[in-house]
Every structure is written in C-alpha cells, then in structure tokens.
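S.K.: no sequence on this one, just coordinates:
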Ligand code: BES
Ligand code: MN
Ligand code: ZN
C-alpha cells in the first residue's frame, strides 16, 4: 500500500479526489464560517446533534454537495489520543472497506500530534491488511493508496516516514508469522533473512547444524533433534553507528511449529503453534524497517529456529543436556522448548559485547493468563532498560508491563540431576521461565518480552498482529536520539 502525507485542511480537502474521504473530527473542533462545503457540513451535523465526536462514532454521507469524494465519513476522535485515533480509523475503515475503495483520504481537520499521525498510519495499514500467500485465488487488499492530510505537513515528515517504515516491518512480520509451518520452515526463515540482507546496511549469516554443534549449543540441538527439518541459526546485522559502538542485540524465538515434543500438546488449537516463531518474525520486521529509517545505531538480530516434534530421536523428559554456557539442563518437559533454544542464543550474544540484549518470545501460556492480549510481559535486569521499554510501548501504543524477577521465583528450577531444570511448578509460569533465561544473560543488561498473548489473535480474526515491532523500533530509534523533535501543538491551533 502506498502512503502519502499532504498539507490539507477543512477547506482544501473538499477538492481532493478519492473513492472515500474520512474526516477526523476532535471534540474541540470549531469549523468556522465561510470555510467551504465540508466545514458547512460539519457545522450543520454538530448543530443538529447528528455528529458525535466521541472516538469511534461515525456519520456517513453520500455525495454531499461541493465535495469531490463520493463517500464521506465524519469520524469522532474525542481528544485525539493515539488510542482514540486507532478506534476511529478502525471503525471508519471498516465502513468504507469495499472493493471500490482504492484511493482513500484521511484528514485531520485540527493540528495533529506525531503520535496521532503515527497511530493513523499504523491503524490504516492494520485495518486493510489481507493475508494471501497460501490462497489459490487471492483477494488482495483493495486499498491501494492512502493520503493522510494534516493542516501543516512539513514538521510531520520524519515521523510520517518512520511510521510508514514501521508498517513495512509489521507487514513482513505478519507475513512470516501467518504462513503455515510447511510454508515457513527454519530453512525458509533463513532464506527470508538472507533476502533482507539485500537492503542497505544489512548483513546476514546463517549457521547450519554442523556449525551450531561446533559452538556447543547442546540445548538448542536437543529441541531440534525430533524433527526432519534441519535447524538454522540466523545472525542479522544492521550497522548504522560507528564500529566501536556497542550494538543492541535482539533475540527472537523461532520455533516454526511447537507440538510440545514428547510432552505433546492436546489437539485443540494446536494449529496456532505455527505462530511460535512470532518473536523471530518480529526481529525480521525490525530489520526491514531499520533499512528504511537508517538510525545511527548498531543492531544484531539472532534467531535460533527449529521445529519441536515428537520422534524416535526426540529428546525425552528427564534427559540432561549441556548448553553453550556449560550449564547442564534437565529437560523435565519437552514443551518448555522456547527457553532451551533461547538460552544458547543468549550465550552467543556475549560475543557482541552488547549495550543491551532483548529477547522476544511466545514463551508461556501463563503470560496469556496474567496479561491477556493487551500488554506483553516484560522482564528486565536493569531499571533503565525496563523504563525505556515501558516508555517505547506507551509511545507506540504497543504496550508491555514489567513483571518481577525475584530470586525466590527460581527455587522450583532446582533439580538433583543437573545445574537447572527447564520447568518449575505451574505457579508464576511466565516468571519462572524468565528466571531460567536470566541464568544465561548475566553478562549484559537484559530484557525479555513474553509475547504469547499479544503476537496473534485467535478465533474469527485469527492472524498475526506484528507486535512488538512498533515497540522495538520506538526503543531503538529513541536510543539513536533520532526521534523527530517533539513540537508541542500550538494552543491556538489545537481548537
Ligand atoms: N509456545 C508455547 C507457549 C504458548 C502456549 C504460547 C500457548 C501461546 C499459547 C511454549 O513453548 C510452551 O509450550 N510453554 C509451556 C511451558 C510449560 C510446559 C512450563 C506452557 O506455557 O504451557
Ligand atoms: Mn512448547
Ligand atoms: Zn513454544
């Protein structure tokens, strides 16, 4: 989809040619007299009480006089917060979503904040996204072009192009996450990463089973053993900073299908375990966007990828393996495989002398119970990192919530047969998983995002969300100090 930013206001937007026009009206908006047919229309609708400016409320008009677009939707945005913009855009896009809407204009009639413009771009993309890859007669996305209008486009340029880059990243993440496991094997994921390396500033190296064995990643290899599909260890690099600058390392869980292994999962909803590589997909998405945004930082992406299958050669409950760190692990439950592939990647990350390491994983059902689909679970070994991630989440509306890492939570991981067990009891399952990972992440500031509840939706709207690409990008761009300077909206222009 093609996005364009344009300077438009309540007068000039009336002449803008499109299949549909969405006008975002905030509660404080006063159209003013003599400002043309659209201002007149809003005036009358407000006066009559037919236009409610609460976020998500719509008034639809067909062929109003003096307006170029045949379909006009007046959409309330309340005070115009990012969340309200999202509500309004989702509702309005659903209302005009027909095959004949190819060109859409979405216009803020009052001055908009950067967060509002970004929210509009991201939710427009989200509302019109369609997965087509494995359909024989793909009905693609009808919407081809979206013009976003703001009264003064100039100062919004940086934030707008970053939002469009973020959409590219989110859509790449959705694409790979949505593909069924037979269309997204570890080998195919590695190929996708290699294709990213064609973009400026990005390099990719893929380690094969022999190299992984040589590194001593016994924990990762134990998970991969049960599958005919060979494992891959993907190393992506984005170099936008100076050589001496310590990189941020992102580690994405890349289980392309999780049956549970010998500790096999029940049949209902097992298909959703094709999404168990959403962490990996989010790392691919971030790199896609970095190539566009070009921040002055260094980033490394690590993706351990394999299937978790039951087989004659599969790892068995009670088996003890040696991780790359040298720590031995008793695998009491083969379904707790995410932490087993991540721990070796966390050890591998040490060689980059990172500024921080963030792992992203659909790690525990317990996190879904704790936080649902609204916020991702966030764990961090330093308060600085926790605060930066929390803030990035709020700013991008890709929310997370910090959970604790008290050492007492690690008690249940003790075993008589190895240095550590891969599971504790059922209580606090998201936290005990994080405590397991923390043992392998003591050489650098570390954070862990458990995205089990936020990475995809179930039910009728089953599909990947692309989270937490927006959060991670916001965090990285803030690190580079390259966020577009925040321009406070002028008081007079706010009305
Ligand atoms: N990939 C799953 C986590 C998961 C489950 C995410 C359901 C989203 C929905 C992970 O590999 C897993 O199976 N975790 C187990 C851990 C348990 C055996 C300690 C879980 O959460 O049940
Ligand atoms: Mn599992
Ligand atoms: Zn899993």
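M.R.: That came through fine. Note that the coordinates shown come from a computational prediction; the quantities given were computed from them, not determined experimentally. Ligands and ions are numbered 1, 2, ... in the order given.

S.K.: OK, contacts around the residue of the chain found nearest ligand 3?
M.R.: Closest residue of the chain to ligand 3, C-beta to the ion: residue 258 (3.7 Å). Heads up, the C-betas are built off the backbone N, CA and C, glycines and all. Neighbour list for residue 258: 265, 273, 276, 307, 308, 335, 337, 338 [criterion: C-beta atoms under 8 Å, 6 or more residues apart in numbering].

S.K.: what does residue 227 give?
M.R.: Counting by C-beta under 8 Å, 6+ apart, residue 227 makes contact with 306, 307, 308, 309, 311.

S.K.: reformat the residues you listed as a markdown table; add distance to ligand 1.
M.R.: Compiled in a markdown table, the contacts of residue 227 are given as follows (distance: C-beta to the nearest ligand atom, whole Å):
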| residue | distance to ligand 1 |
| --- | --- |
| 306 | 12 |
| 307 | 12 |
| 308 | 7 |
| 309 | 13 |
| 311 | 17 |
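
S.K.: list just the nearest of the residues you listed to residue 417.
M.R.: residue 308 (21.8 Å; C-beta to C-beta).

S.K.: grab the longest strand from this protein for me.
M.R.: Counting residues, the longest strand found in the chain (DSSP state E) is strand 298-308.

S.K.: downstream of that one, the next helix or strand is which one?
M.R.: Next helix or strand after strand 298-308 toward the C-terminus (DSSP states H and E): strand 319-322.

S.K.: list the buried residues in that following strand.
M.R.: 319, 321, 322 (16 or more other C-beta atoms under 10 Å).

S.K.: and it, how far out from the chain middle?
M.R.: 34 Å (C-alpha atoms, centre = their mean, to the nearest Å).

S.K.: residues in contact with it?
M.R.: Here strand 319-322 makes contact (C-beta under 8 Å, 6+ apart) with 216, 218-219, 221-222, 315, 328-331, 340, 417-418.

S.K.: so of those residues, which ones are in strands?
M.R.: Judged by DSSP E, strands contain the following of the contacts of strand 319-322: 328, 329, 330, 331.

S.K.: want to try a markdown table for those residues, with neighbour count as columns?
M.R.: Converted to a markdown table, these look like this (neighbours: other C-beta atoms under 10 Å):
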| residue | neighbour count |
| --- | --- |
| 328 | 16 |
| 329 | 28 |
| 330 | 19 |
| 331 | 26 |
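
S.K.: and stretch 233-243, what's buried?
M.R.: For stretch 233-243, by 16+ other C-beta under 10 Å, it's 233, 234, 235, 236, 237, 238, 239, 240, 241.

S.K.: what does the model give residue 409 for pLDDT?
M.R.: Looking at residue 409, its pLDDT reads 98.

S.K.: helix, strand or coil for it?
M.R.: Per DSSP: H, G, I helix; E, B strand; the rest coil, the secondary structure class of residue 409 is helix.

S.K.: just give the number of residues close to it.
M.R.: Neighbourhood size, residue 409 [other C-beta atoms under 10 Å]: 21.

S.K.: contacting residues around stretch 121-137?
M.R.: Residues outside stretch 121-137 that contact it (C-beta under 8 Å, 6+ apart): 1, 3, 85-86, 89-90, 93-94, 97, 104, 106, 138-143, 146, 148, 160, 163-164, 166-167, 170-171, 174-175, 178-180, 183, 397, 463, 466, 470.

S.K.: repeat that for 6 Å
M.R.: 86, 89-90, 93, 138, 140-141, 143, 146, 163, 167, 178-179 (C-beta atoms under 6 Å, 6 or more residues apart in numbering).

S.K.: enumerate the residues of the protein near ligand 1.
M.R.: By C-beta under 6 Å from any ligand atom, the residues of the chain that approach ligand 1 are 258, 276, 333, 335-338, 362-366, 368, 423, 429, 452.

S.K.: show the buried residues in the residues you listed.
M.R.: Listed as buried from these are 258, 276, 335-338, 362-364, 366, 368, 423, 429, 452; burial here means 16+ other C-beta under 10 Å.

S.K.: excluding its backbone neighbours, what's nearest the closest residue to ligand 2 within the stretch 301-450 of the chain?
M.R.: The stretch 301-450 of the chain approaches ligand 2 most closely through residue 335 (3.9 Å), counting by C-beta to the ion. Closest residue in space to residue 335, ignoring its immediate chain neighbours: residue 260 at 3.8 Å, by C-beta to C-beta, 6 or more residues apart in numbering.

S.K.: try residue 311
M.R.: Nearest-residue entry for residue 311: residue 226, 4.2 Å, with adjacent residues in sequence omitted and distances by C-beta to C-beta, 6+ apart.

S.K.: contacts only, for residue 257.
M.R.: Applying C-beta under 6 Å, 6+ apart, the residues contacting residue 257 are 181, 273, 274, 307.

S.K.: what are the phi and psi angles of it?
M.R.: The phi/psi pair for residue 257 (degrees, to the nearest 10) reads phi -160, psi 130.

S.K.: if I look at residue 480, what pLDDT would I see?
M.R.: At residue 480, pLDDT is 90.

S.K.: quick check: what element follows the longest helix anywhere in the chain along the chain?
M.R.: Using DSSP state H to define each element, the chain has its longest helix at helix 157-178. Counting by DSSP H and E, the next helix or strand C-terminal to helix 157-178 is helix 186-196.

S.K.: does anything pack onto that following helix? Which helices or strands?
M.R.: strand 202-207, strand 232-239, strand 298-308 (3 or more C-beta pairs under 6 Å, 6 or more residues apart in numbering; DSSP states H and E).

S.K.: what's the most buried one of these?
M.R.: The highest average neighbour count among the helices and strands packed on helix 186-196, using mean count of other C-beta atoms under 10 Å, belongs to strand 298-308 at a mean of 27.

S.K.: for the stretch 1-150 of the chain, what are the low-confidence residue spans?
M.R.: Low-confidence segments of the stretch 1-150 of the chain (pLDDT under 70): none present.

S.K.: near ligand 3, which residues of the stretch 251-400 of the chain? Just list them.
M.R.: Those residues of the stretch 251-400 of the chain that sit near ligand 3, judged by C-beta under 5 Å from the ion, are 255, 258, 276, 338.

S.K.: picking that back up, just send the contacts of strand 319-322 back as a markdown table, with distance to residue 380 and pLDDT too.
M.R.: Putting the contacts of strand 319-322 into a markdown table (distance: C-beta to C-beta, whole Å; pLDDT from 0 to 100) gives the following:
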| residue | distance to residue 380 | pLDDT |
| --- | --- | --- |
| 216 | 28 | 99 |
| 218 | 27 | 99 |
| 219 | 23 | 99 |
| 221 | 29 | 99 |
| 222 | 28 | 99 |
| 315 | 30 | 98 |
| 328 | 27 | 99 |
| 329 | 23 | 99 |
| 330 | 27 | 99 |
| 331 | 27 | 99 |
| 340 | 22 | 99 |
| 417 | 31 | 98 |
| 418 | 27 | 99 |
